[in-house]
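Student: got a predicted model here, sequence first, then my questions.
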Amino acid sequence: MKNKTIYKIGYILVILFFLAFTLDPIIWCFIMSITPESEIFRSSGDFLPSKINWGNYLSIFDRSSQESEVIFRGLKNSLMMSVTTMVIGIPTSLFAAYSFYRYKFRAREFVMKFLMLTIVIPVFTTIIPIYSMFAEYGMLDSVFWVAIIYVSSFIPITTWTMMNYFKSIPRELVESASIEGCDELQIFLKIIMPLSTPIIFTCILMVFIMSWNQFQIPLILISSHENKLVTMVLSEFISRNDVRYGMISASGIISLIIPAMVAVLFRKHLISGLMQGTGK
């Protein structure tokens with residue numbers, strides 16, 4: 001009984017530490033966003049501002065303001081890139097994972113290991129040839145082509161995740177369907193797809209959140225104000241003589257809303273998809 005109580009206390013302390021570690025930057029950013037600019041660098045022991053200033057958020061949601069135009073354009077571009085990455089990347093990974101699971105072909109093991117090897121290759125080791133190729137073929141400053149870069153980056157991890165999940169599906173189901181006269185497409189659509197809904201949702205969420213948070217590659221490949229992502233528009237509030245810390249903080253909070261909502265609404269699918277493969 002005593003050991004059980006100690007375990008519970010330790011568990012609670014670990015959770016509180018994790019929450020403090022993850023939420024503190026967001027809380028600090030929100031406080032910065034509602035603090036008047038004149039108080040941000042004032043040396044005082046107060047954690048909270050003496051007066052709450054909602055002006056940054058009012059400017060963002062005032063559709064006639066420049067701040068609103070910049071931020072909502074960035075949100076639209078980020079959403080477009082994330083959705084494009086999902087629409088192209090998830091089906092590609094799904095078909096590749098099914099092929100590795102279903103068929104035994106020459107060099108199969110080599111291809112699988114090579115695919116996994118690409119996960120550990122830093123993106124910046126390939127940025128120079130990527131930039132040269134984009135410049136040569138006129139693909140710079142395009143949200144779509146940046147999304148294609150992320151499709152290629154995320155395919156290995158999503159393919160590997162799906163393939164491991166497929167291995168937990170009893171082969172007897174596939175063999176029985178084949179004996180009953182189902183062709184390959186019917187097996188895939190009527191057996192594999194319904195059983196794989198959790199892992200497909202998991203990969204969709206992974207790709208969406210990872211795509212949304214990208215900064216370095218778009219910074220190099222996208223230059224125009226019209227195509228900048230929401231992670232890049234924060235620089236719009238930095239000039240030679242002025243840095244609008246409150247607006248930057250408010251923009252950061254706004255940019256978290258969409259991925260946070262997606263993660264909260266579909267968290268059960270994310271957890272079950274990652275865990276079910278080992279327990280089927």
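Tutor: In hand now; what should we look at? Residues are numbered from 1 along each chain as shown.

Student: helices of the stretch 101-250 of the chain, residue ranges please.
Tutor: 108-117, 127-136, 143-166, 171-179, 184-187, 193-195, 197-212, 216-221, 245-265 (DSSP state H, counting those that start in this stretch).

Student: save these as JSON lines, and put in mean neighbour count, mean pLDDT and distance to residue 239 too.
Tutor: (Glycine included, C-beta is placed from N, CA and C.) Below are the helices of the stretch 101-250 of the chain laid out as JSON lines (neighbours: other CB atoms under 10 Å; pLDDT from 0 to 100; distance: least, CB to CB, whole Å):
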{"stretch": "helix 108-117", "mean neighbour count": "12", "mean pLDDT": "81", "distance to residue 239": "44"}
{"stretch": "helix 127-136", "mean neighbour count": "13", "mean pLDDT": "90", "distance to residue 239": "27"}
{"stretch": "helix 143-166", "mean neighbour count": "20", "mean pLDDT": "89", "distance to residue 239": "25"}
{"stretch": "helix 171-179", "mean neighbour count": "13", "mean pLDDT": "82", "distance to residue 239": "61"}
{"stretch": "helix 184-187", "mean neighbour count": "14", "mean pLDDT": "84", "distance to residue 239": "57"}
{"stretch": "helix 193-195", "mean neighbour count": "13", "mean pLDDT": "85", "distance to residue 239": "52"}
{"stretch": "helix 197-212", "mean neighbour count": "21", "mean pLDDT": "88", "distance to residue 239": "27"}
{"stretch": "helix 216-221", "mean neighbour count": "17", "mean pLDDT": "88", "distance to residue 239": "18"}
{"stretch": "helix 245-265", "mean neighbour count": "18", "mean pLDDT": "85", "distance to residue 239": "12"}
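
Student: ok, which of those helices comes nearest residue 101?
Tutor: Counting by CB to CB, residue 101 lies closest to helix 143-166 out of the helices of the stretch 101-250 of the chain; the figure is 3.9 Å.

Student: roughly how far is that closest one from the heart of the chain?
Tutor: Between the centre of helix 143-166 and the centre of its chain there are 11 Å (CA atoms, centre = their mean, to the nearest Å).

Student: distance of residue 69 relative to residue 104?
Tutor: Distance, residue 69 to residue 104, by CB to CB, to the nearest Å: 55 Å.

Student: so which of these two has more stuff around it?
Tutor: Taking neighbours as other CB atoms under 10 Å, residue 69 and residue 104 compare with residue 69 leading, 15 against 7.

Student: is it true that the more buried one lies in a helix?
Tutor: Yes: the assignment for residue 69 (DSSP: H, G, I helix; E, B strand; the rest coil) places it in a helix.

Student: not counting sequence-adjacent ones, nearest residue to it?
Tutor: residue 63 (7.8 Å; CB to CB, 6 or more residues apart in numbering).

Student: pLDDT score assigned to residue 275?
Tutor: Predicted confidence (pLDDT) for residue 275: 57.

Student: for residue 36, give its distance to residue 57.
Tutor: To residue 57, residue 36 is 13 Å away according to CB to CB.

Student: looking at those two, which is more packed in?
Tutor: Taking neighbours as other CB under 10 Å, residue 36 and residue 57 compare with residue 57 leading, 18 against 15.

Student: not counting its neighbours along the chain, what's nearest residue 177?
Tutor: With CB to CB, 6+ apart as the criterion, residue 177 has its nearest non-adjacent residue at 5.1 Å, and that residue is residue 187.

Student: quick one, what contacts the one you found?
Tutor: Listed by CB atoms under 8 Å, 6 or more residues apart in numbering, the contact set of residue 187 reads 174, 177-178.

Student: next one: residue 150
Tutor: 81, 85, 89, 207, 210-211, 214, 217.

Student: could you export those residues as JSON lines, including distance to residue 48?
Tutor: Converted to JSON lines, the contacts of residue 150 look like this (distance: CB to CB, whole Å):
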{"residue": "81", "distance to residue 48": "36"}
{"residue": "85", "distance to residue 48": "39"}
{"residue": "89", "distance to residue 48": "43"}
{"residue": "207", "distance to residue 48": "38"}
{"residue": "210", "distance to residue 48": "34"}
{"residue": "211", "distance to residue 48": "35"}
{"residue": "214", "distance to residue 48": "33"}
{"residue": "217", "distance to residue 48": "37"}
